[in-house]
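>>> Please find the sequence and the predicted model below.
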Amino acid sequence: MDTLIEVNSVSKVYKLYNHPMDRVKEVFSKKKYHRKFHAVDNMSLNVKRGETVGIIGKNGSGKSTLLKMITGVLTPTSGSIDVKGNISALLELGAGFNGDLSGLENIYLNGTLLGYSKEYVEKSLDAILEFADIGEFIHQPVKTYSSGMFVRLAFAIAININPEILIVDEALSVGDMRFQQKCYRKIREIKKNGTVLFVSHDTGVLASFCDRIIWMDGGRIFKEGRPDKILDEYQAFMSYDIKEMQAVTSYSAEIDNEISGESNSSFSNSKAQAFGNGDGFFQSIRLLNYESGHVATTVTGGDQVLIDFSLNIKKDIDMPILGFTLKDALGSPVIVTNSHFEKKSLQPFKGGQVYHFQFSMSFPYLRSGKYSLDIAFANGTYQAHEQVQWINDALIIVVRDPRPYQEGRGYLVPQGIEINQIL
Ligand SMILES: Nc1ncnc2c1ncn2[C@@H]1O[C@H](COP(=O)(O)OP(=O)(O)OP(=O)(O)O)[C@@H](O)[C@H]1O
């Protein structure tokens with residue numbers, strides 16, 4: 001596979017001044033009035049054809065700066081960037097639009113700004129108009145557009161020009177759901193022959209789209225790898241700051257032993273990663289077949305199952321909330337629930353006690369494969385709580401689907417369907 005984007009030891013350094021006058025003072029004196037700030041700090045990255053790479057990171061971690069350097073909007077302070085193929089970027093939506101011109105005129109203007117000839121834009125025009133689907137508004141000045149219409153047009157241009165490299169920075173979140181779905185389908189098409197770089201804070205979207213996730217922090221690559229792994233860690237990280245996260249990682253070793261020691265479930269995952277405030281922990285977690293009471297080795301849609309777990313409480317927990325998330329192989333949630341959603345209020349837990357609980361449910365109809373279960377308990381209200389313990393991938397669950405279902409994640413089984421022949 002050929003490499004379409006090559007980023008070699010790239011940095012973007014800004015000079016920061018405490019006062020605007022300092023910049024002027026510096027020109028006239030030998031004294032330095034600035035300090036250097038690395039928005040992107042010595043980053044290297046290769047993206048191959050056919051790859052979709054997601055970039056995550058907290059605000060200010062350097063994501064947009066990196067993308068702007070890849071698209072050529074910003075020049076690196078040092079290092080080099082080699083891009084093979086035409087780029088279409090949705091960085092600042094409609095950045096190239098002229099408000100006084102009509103949508104149609106802007107299509108040509110934008111196409112030219114993206115480096116395409118008038119003839120090329122003409123060939124893509126029907127596809128762009130159909131995709132944008134803003135009807136007669138295409139003849140109106142874009143300054144009269146609603147933000148949704150703006151997004152539709154900008155996206156329609158960027159996507160239908162058939163770029164080899166598509167760069168999307170958060171822009172998609174603006175459009176309505178049907179339009180988003182349409183964009184995702186098109187992005188999947190582009191992905192077949194090209195490369196997509198995706199910046200988003202929506203981990204669900206990243207999980208279902210990306211082959212690889214790059215997690216940026218302080219202008220550098222903090223972590224990189226498979227979406228399921230990195231996104232789980234990122235979500236845990238975003239709930240806590242780095243200091244706590246580190247404390248928690250060393251704490252998790254202890255928890256792993258607790259889990260694998262207690263449980264005879266073949267699903268117990270010794271690589272589970274946990275975090276929390278230490279006021280209590282899961283002592284055992286098993287998936288049981290409701291009828292037999294035995295550990296379920298594989299499950300099928302419609303099976304009655306129990307998520308059976310015990311909690312070892314260290315300190316009083318006044319307002320416990322229990323919850324779990326079932327995720328597919330890419331880390332996208334399939335079921336998310338907790339005692340708050342299920343309208344079950346729990347009695348306070350006393351420190352020094354062990355509590356035993358079961359979630360009982362009919363297992364959903366999912367495609368065959370491996371799924372994982374995050375489990376958690378917290379103290380507080382749904383809106384304001386502290387995580388006592390959250391375990392990522394506490395159980396790995398193997399699903400066998402007897403139906404030859406090919407597409408999507410799974411299906412809902414309709415209730416009460418009858419088949420009646422009328423004639
Ligand atoms: N022109 C500039 N001068 C000085 N600092 C800048 C400039 N542009 C960006 N920065 C700083 O560089 C850092 C990285 O910014 P960047 O916009 O790339 O972050 P980001 O990860 O895209 O953030 P967000 O998620 O909020 O969009 C930030 O601290 C920002 O304040």
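In hand now; what should we look at? Residues are numbered from 1 along each chain as shown.
>>> Give me the number of neighbouring residues for the closest residue to Ser102 other than its chain neighbours.
By the measure of CB to CB, 6 or more residues apart in numbering, the closest residue to Ser102 outside its immediate chain neighbours is His139, 5.2 Å from it. Glycine gets a C-beta too; all of them are placed from N, C-alpha and C. Neighbourhood size, His139 [other CB atoms under 10 Å]: 10.
>>> Ok, Lys32 next?
Neighbour count for Lys32, taken as other CB under 10 Å: 10.
>>> coming back round to it: model confidence score at the residue nearest to Ser102, please.
Turning to His139, the model gives it a pLDDT of 94.
>>> hang on, it packs against Gly103?
Yes. With contact defined as CB atoms under 8 Å, His139 counts as touching Gly103 (7.1 Å).
>>> For the ligand, what is the nearest residue in the stretch 251-400 of the chain?
Residue nearest to the ligand within the stretch 251-400 of the chain: Gly331 (20.5 Å; CB to the nearest ligand atom).
>>> That residue contacts Asp228, correct?
Yes. Assessed by CB under 8 Å, Gly331 is found in contact with Asp228 at 3.8 Å.
>>> what do those two both touch?
Both Gly331 and Asp228 are in contact with Ala207, where contact means CB atoms under 8 Å, 6 or more residues apart in numbering.
>>> ok, which stretches of the stretch 1-150 of the chain are helices?
Defined through DSSP state H, counting those that start in this stretch, the helices belonging to the stretch 1-150 of the chain, from first to last, are 20-28, 63-71, 103-113, 118-132, 147-160.
>>> Which one of these lies nearest to the ligand?
Among the helices of the stretch 1-150 of the chain, helix 63-71 comes nearest to the ligand, with 3.2 Å by CB to the nearest ligand atom.
>>> now for the closest one, which elements pack on it?
Contacts defined by 3 or more CB pairs under 8 Å, 6 or more residues apart in numbering; DSSP states H and E place helix 63-71 against strand 3-17, strand 34-48, strand 52-56, strand 78-83, strand 87-90, strand 165-169, strand 195-199.
>>> tell me which parts of the chain are close to the ligand?
On the criterion CB under 6 Å from any ligand atom, the ligand has as its neighbours in the chain the residues Tyr14, Phe37, Ala39, Gly57, Asn59, Gly60, Ser61, Gly62, Lys63, Ser64, Thr65.
>>> who touches the fourth one in this structure?
Going back to what we said before, that points to Gly57. If a contact means CB under 8 Å, 6+ apart, then Gly57 has Lys63, Trp215, Met216, Asp217, Phe222 as its contacts.
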